[in-house]
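Enquirer: the amino acid sequence is not available; the structure is as follows:
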């Protein structure tokens, strides 16, 4: 019995010893296989140096604390180092099942050289077929790749390998690419100083990829210039920050070329300085949606200037065609004049907007020959100040077009009132203005109709065309139905009264120094009317002259049948009236007819200042005039 037990124990021991020998042989064989595989890899890839650190061989595979290798092929220089290496194999097929690397660093100092023979062909990045020893999967937890021209890749990577290299597939949950791109000229637009940091997640094969763009990605462009060398548009310090988006691409690794590409998603863009002849240089930002391919870029969103102007934008930029931009904006109240003054180079300094709404829409094309525009500006109930005049109730549409010149047209622009001290209104204008962009104040005015209510009557400008580059020009203004009683009430003096209706013609001579009147005429409409001028206002005219004393007494209650006056106005602001009156005063010379010829002179700027200070315009104008006068008086005191 004891002998039988010893025999069975001896057999078991021999079996265990044999199994141990077999396992040892298998492990040794696997190690030899792995060694031969690595030797084959090193021979095929011209690896000059390969080192392992802390290698451990087991039934599960091979573990190594670290490894490094260097290529000896000058046409394909690279080096690789890693840590936390685990190679697992499949016992059934006696093949490598997987490779896991905790950290992998790859350095490629130069791009592979063209194939010899002068053909210029680029060596393939893929083998013709997968080596039999390659694992099914390769997983890298931390990947660091340094490429030529300071291009860097950081992240993680999972690779599935197949016998056919065309079926290889890579996946990442976070991969960051840092680097620069060569200067580019899409559609003739020059871009230089391009670099960025782009984060990606998704899958990629040897011919296509679908990736998500990660938050924190950024692309910087030092300068973007229009095809005319940046004369039309120049952008400085451009930063593009993609938001949530998808990148789809088709490419050829053998040709190292991108065949198709589409990037779609949200986008933030910032331009450090936008330079354009009619815009003040300032920072601009954009937030919206991007849809880009290799052939075009489409943008839709909101752009905002540092001054506060917001624009709804729709950009279509085909690289082989003409860029097009559709934009619209809306400004409210006092915001409008401040924003426009800080945005537009030639915005008139004296215009202030206090109420109402201003909206604009435009379609812009940017061919090589220069910008083209079609658009309109719409005013709705706008009010404000221009210089020292108040204006209220501006409504209407101004149509704009730009090709070689800028053209502004209005079919019925209306203003409720314009008040420099003596109110005019309502005002309506129909006409156009054509001007070169380089000299906006030297265009051509074409007037179809211009009318303004004035002192119970009407002012009408004679239709015509005037070139403001060839000053002076003369614009004839007709006066109809002007009421004498209204005229007397606006003059800042007590005791004035009168009746009657006036008409006439005033030639306005517009010069580079202002407006003048030469040879104007005004007359009373039959049957005439009355004039009542206070004696104390006229007494200075009489003096010791009996004739003038008669005139003074007569004008205190004068019934006129004829009133004619010449009108002249110089650029210093002096109004000269050559007044002729025919009529009588029942209390003077028993009502006998009297003919009066008087030359009157008035300082119109001083008169208007008096009216403006008296509050006859509005509080804003009164305060503005008061400050101007205080500033002027302070300047005189310093002198």
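Expert: In hand now; what should we look at? Because the structure is predicted, anything quoted here is derived from the model rather than measured.
Enquirer: which residues touch stretch 178-193?
Expert: Defining contact as Cβ atoms under 8 Å, 6 or more residues apart in numbering, one finds that stretch 178-193 is touched by 147, 149-154, 194-197, 220-227, 230, 317-321, 323, 368. Where C-beta positions appear, they are placed from N, C-alpha and C, glycine not excepted.
Enquirer: now, those that are in strands?
Expert: Using DSSP state E, 147, 151-154, 194-197, 220-225, 317-318 are the members of the contacts of stretch 178-193 that sit in strands.
Enquirer: buried stuff in stretch 241-257?
Expert: Buried residues in stretch 241-257, counted by 16 or more other Cβ atoms under 10 Å: 241, 242, 243, 245, 247, 249, 251, 253.
Enquirer: for residue 281, state which of these is nearest.
Expert: The nearest member of the buried residues of stretch 241-257 to residue 281, counting by Cβ to Cβ, is residue 241 at 22.1 Å.
Enquirer: so what's the closest one closest to, chain neighbours aside?
Expert: In this structure, residue 241 finds its nearest non-sequential neighbour in residue 268, 4.3 Å apart by Cβ to Cβ, 6 or more residues apart in numbering.
Enquirer: the one you found contacts residue 287, doesn't it?
Expert: Yes. In this structure, residue 268 is within contact of residue 287 by Cβ atoms under 8 Å, at 5.2 Å.
Enquirer: hey, where'd the helices end up in the protein?
Expert: Ranges of helices within the chain are 2-44, 333-341, 484-490, 535-542, 546-554, 604-613, 619-638, based on DSSP state H.
Enquirer: which parts of the fifth one are buried?
Expert: It stands for helix 546-554. Buried residues in helix 546-554, counted by 16+ other Cβ under 10 Å: 548, 550, 551, 552, 553, 554.
Enquirer: check contacts around the residue nearest to the second one when sequence neighbours are not counted.
Expert: I take that to be residue 550. Nearest residue to residue 550 in three dimensions, chain neighbours excluded: residue 588, at 6.9 Å (Cβ to Cβ, 6+ apart). Contacts for residue 588 (Cβ under 8 Å, 6+ apart) come out as 550, 553, 554, 594.
Enquirer: where's the residue nearest to the last one when sequence neighbours are not counted relative to residue 589, distance?
Expert: Excluding the flanking residues, the one nearest residue 594 by Cβ to Cβ, 6+ apart is residue 554, at 5.2 Å. Between residue 554 and residue 589 the computed distance is 8 Å (Cβ to Cβ, to the nearest Å).
Enquirer: low-confidence ranges in the protein?
Expert: Counting by pLDDT under 70, the low-confidence segments of the chain come to 1-49, 72, 90-96, 112-133, 537-545, 611-639.
Enquirer: okay, now the domains of it?
Expert: Using automatic domain parsing, the domains assigned to the chain come out as 39-112+133-161, 173-309, 322-454, 471-610.
Enquirer: now for these, which one comes closest to residue 462?
Expert: domain 471-610 (4.2 Å).
Enquirer: that closest one: end-to-end distance?
Expert: This stretch, domain 471-610, spans 31 Å end to end (Cα to Cα, to the nearest Å).
Enquirer: gap between the residue lying closest to residue 356 once chain neighbours are set aside and residue 416?
Expert: In this structure, residue 356 finds its nearest non-sequential neighbour in residue 382, 3.2 Å apart by Cβ to Cβ, 6+ apart. As judged by Cβ to Cβ, residue 382 and residue 416 stand 10 Å apart.
Enquirer: quick one, which of these two is more surrounded?
Expert: A count of neighbours by other Cβ atoms under 10 Å puts residue 382 above the other of residue 382 and residue 416, at 24 against 17.
Enquirer: the more buried one and residue 303, how far apart?
Expert: Distance, residue 382 to residue 303, using Cβ to Cβ: 24 Å.
Enquirer: thought residue 523 was touching residue 502?
Expert: Yes. Applying Cβ under 8 Å as the test, residue 523 and residue 502 come out as touching, 6.9 Å apart.
Enquirer: what touches both of those two?
Expert: Common neighbours of residue 523 and residue 502, counting by Cβ under 8 Å, 6+ apart, are residue 563.
Enquirer: these two - which one has more neighbours?
Expert: Taking neighbours as other Cβ under 10 Å, residue 523 and residue 502 compare with residue 502 leading, 21 against 15.
Enquirer: isn't the more buried one right up against residue 521?
Expert: No. With contacts counted by Cβ under 8 Å, residue 502 stays clear of residue 521, the gap being 10.6 Å.
Enquirer: gap between the closest residue to residue 271 other than its chain neighbours and residue 302?
Expert: Spatially, and ignoring its direct neighbours in sequence, residue 271 is nearest to residue 284 (4.5 Å; Cβ to Cβ, 6+ apart). Relative to residue 302, residue 284 is positioned 11 Å away (Cβ to Cβ).
Enquirer: around residue 200, how many other residues sit close by?
Expert: Residue 200 has 20 neighbours, counted by other Cβ under 10 Å.
Enquirer: same question, residue 490
Expert: Residues near residue 490, counting by other Cβ under 10 Å, number 14.
Enquirer: quick one, phi/psi of residue 349?
Expert: Residue 349 has phi and psi values of phi -60, psi -30 when expressed as degrees, to the nearest 10.
Enquirer: hmm, residue 342 and it touching each other?
Expert: No. Using Cβ under 8 Å, residue 349 is not in contact with residue 342, being 11.6 Å away.
Enquirer: ok, the two, which is more surrounded?
Expert: Higher neighbour count among residue 349 and residue 342: residue 342, with 15 against 8, using other Cβ under 10 Å.
Enquirer: now that one. Nearest residue, chain neighbours left out?
Expert: residue 307 is the one closest to residue 342 (Cβ to Cβ, 6+ apart), at 3.6 Å.
Enquirer: same question for residue 468.
Expert: Closest to residue 468 by Cβ to Cβ, 6+ apart is residue 442, at 5.5 Å.
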